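Test case, fold it:
(one chain, ligands or ions: 1)
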Amino acid sequence: MSSLQEKVRSLRQELDNVTSLGGKSLEAFRLKFISKKGAISELFEEFKQASVEEKKTLGKILNELKQAAEERFKQLSDEQEASAKSSGVEIDLSLPPIPNKTGSLHPLNLTRYKIIEVFERLGFNVVDGPEIEDDWHNFTALNFPENHPAREMQDTFFIEKPALPDGQERGNHDILLRTHTSNVQIRLMKQQKPPLRAIMPGRVYRNEAISARAHCFFHQVEGLYVDKNVGFSDLKQTLFHFAKEMFGKDTKIRLRPSFFPFTEPSAEIDVSCFICGSKGCNVCKYSGWVEIAGSGMVHPNVLRNCGIDPEEYTGFAFGMGIERITMLRYGINDLRMFSENDIRFLKQFKAVV
Ligand code: PHE
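Presented below is the predicted three-dimensional model:
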């Protein structure tokens, strides 16, 4: 027997003895039998020098050896994988789960839902309306005469009027982004007869320079109550109830005379500072009070503009800014944060309901 033949046999013997890894590494097996620098490759190198006669007999058994080594390698690596799985080395089921990244409600929505909840319990419906509005519903019907300086308090963005099909007349109203949700009050009063009791949450726009305290868009909730014999005391009592539900049962309210073209008389509503309990802090600017809403009795002209007889019906209305109340509730000092979509800001409200 040639020495090459001898080597092939003994290597085969050695291979056949390896039935399991037995504590040795799979990599050691691969280096020895499979790799390009391993024992079998070496034998193939020697085989090249063998005589023609020898090649005939040896070629077959050398190839069988190579094949057997590859099969054994596959078997050993399968076994190793199976045992790793069953012993849980790769997947550790005892590890705590990676938490799902669930989102959370936006702070403005938290406030909006809370306001809606309070008024719904008082029997107010929630009504929606268009953000792109005509001049009449946003201003004129609300008793802002055309070219009246009161419009300057609510400058907005005007939209070029698209042509209507078939030469239909659009009328000469300007199209604009609404400056308050009072347009929905007008639409509601035109559509339905009193008694009416509704709130109108929504986004509004104003042509303002963007700063920590002002933005070109923000959100409001307005309210309207029209019926026979609705008086100023109803307005006061409704908003007093709201303030206690929203900010705590010890909250007090204060009304200050004000002016809005669409209400007469008009009043600003302040609540006792719920941050410091009216002791004085930088939120209430050491006055003990914070302003939260505008309000008043619906002006007879507004009722008339909507086809409601002011001799028969009266009503009150109010409007509050959702951003402002949210800033007060959570001590937020920059309005711009609400629309920047910064996760670090938003996720702080996860636990708040
Ligand atoms: N529409 C007013 C505003 O946006 C708020 C308001 C509503 C005041 C209803 C009084 C009554 O400033």
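
which stretches of the protein have low pLDDT?
Low-confidence segments of the chain (pLDDT under 70): 1, 88-90, 162-164, 167-173, 352-353.

Point out the residues in the stretch 151-300 of the chain that sit beside the ligand.
Residues of the stretch 151-300 of the chain lying near the ligand by CB under 6 Å from any ligand atom: 180, 182, 222, 260, 263, 294-296. From N, CA and C alone the C-beta is placed, and that goes for glycine too.

Show only the entries of the residues you listed found in helices.
Using DSSP state H, the subset of these located in helices is residue 182.

And the residues of the stretch 151-300 of the chain next to the ligand, which is closest to residue 147?
Ranked by distance to residue 147 (CB to CB), these are led by residue 260 at 18.0 Å.

how many neighbours does the closest one have?
23 (other CB atoms under 10 Å).

Just say helix, strand or coil for the nearest residue to it once chain neighbours are set aside.
Nearest non-adjacent residue to residue 260, counting by CB to CB, 6 or more residues apart in numbering: residue 266, 4.6 Å away. Secondary structure, DSSP: H, G, I helix; E, B strand; the rest coil: residue 266 is strand.

Show the contacting residues for residue 266.
Residues in contact with residue 266 (CB atoms under 8 Å, 6 or more residues apart in numbering) are 257-260, 294-296.

Apply 7 Å and report the result again.
Contacts of residue 266 were listed using CB atoms under 7 Å, 6 or more residues apart in numbering, and they are 258-260, 294, 296.

Report the beta-bridge partner residues of it.
Beta-bridge partners recorded for residue 266 (DSSP bridges): residue 258, residue 296.

repeat for the one 4 residues further on
Beta-bridge partners recorded for residue 270 (DSSP bridges): residue 254, residue 291.

picking up where we left off before, I'd like to know how far the residue nearest to residue 260 sits from residue 235.
To residue 235, residue 266 is 10 Å away according to CB to CB, to the nearest Å.

again, but for residue 329
Applying CB to CB, one obtains 23 Å for the distance of residue 329 from residue 235.

Give me the more crowded residue out of those two.
residue 235 (24 against 17).

Which residue is the nearest non-sequential neighbour of that one?
In space, residue 235 is closest to residue 316, 3.8 Å off (CB to CB, 6+ apart).

Secondary structure of the one you found: a strand, I assume?
Yes: remark: residue 316 belongs to a strand, assigned using three-state DSSP.

what about it, neighbour count?
So residue 316, with other CB under 10 Å, has 24 neighbours.

quick one: it from residue 324, how far?
Per CB to CB, residue 316 is found 20 Å from residue 324.

Could you do residue 48 as well?
Remark: distance between residue 48 and residue 324 (CB to CB) = 90 Å.

out of these two, which sits in the more crowded spot?
residue 324 (19 against 7).

Who are the contact partners of the more buried one?
Contacts of residue 324 by CB under 7 Å, 6+ apart are residue 292.

any idea which helix or strand carries it?
Using DSSP states H and E, residue 324 falls within helix 322-330.

now check that helix, is it near the ligand?
No: applying CB under 6 Å from any ligand atom, one finds helix 322-330 separated from the ligand by no less than 11.2 Å.

next SSE after that helix?
Assigned by DSSP H and E, the successor of helix 322-330 is helix 343-346.

re the thing from before, got the residues of the stretch 151-300 of the chain next to the ligand as a markdown table, with distance to residue 35 columns?
Output for these, formatted as a markdown table (distance: CB to CB, whole Å):
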| residue | distance to residue 35 |
| --- | --- |
| 180 | 79 |
| 182 | 82 |
| 222 | 80 |
| 260 | 88 |
| 263 | 90 |
| 294 | 84 |
| 295 | 86 |
| 296 | 90 |
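
ranking the residues of the stretch 151-300 of the chain next to the ligand by neighbours, who comes first?
residue 182 (28 neighbours).

That one contacts residue 140, correct?
No: using CB atoms under 7 Å, residue 182 is not in contact with residue 140; the gap is 11.8 Å.

mind listing the strands for the stretch 101-250 of the chain?
Residue ranges of the strands in the stretch 101-250 of the chain, as given by DSSP state E, counting those that start in this stretch, are 125-126, 132-134, 158-159, 175-177, 196-205, 217-227.

Would you mind giving those as CSV with distance to residue 57 added?
Converted to CSV, the strands of the stretch 101-250 of the chain look like this (distance: least, CB to CB, whole Å):
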stretch, distance to residue 57
strand 125-126, 94
strand 132-134, 93
strand 158-159, 95
strand 175-177, 94
strand 196-205, 90
strand 217-227, 90
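
Please consider this matter closed, and thank you.
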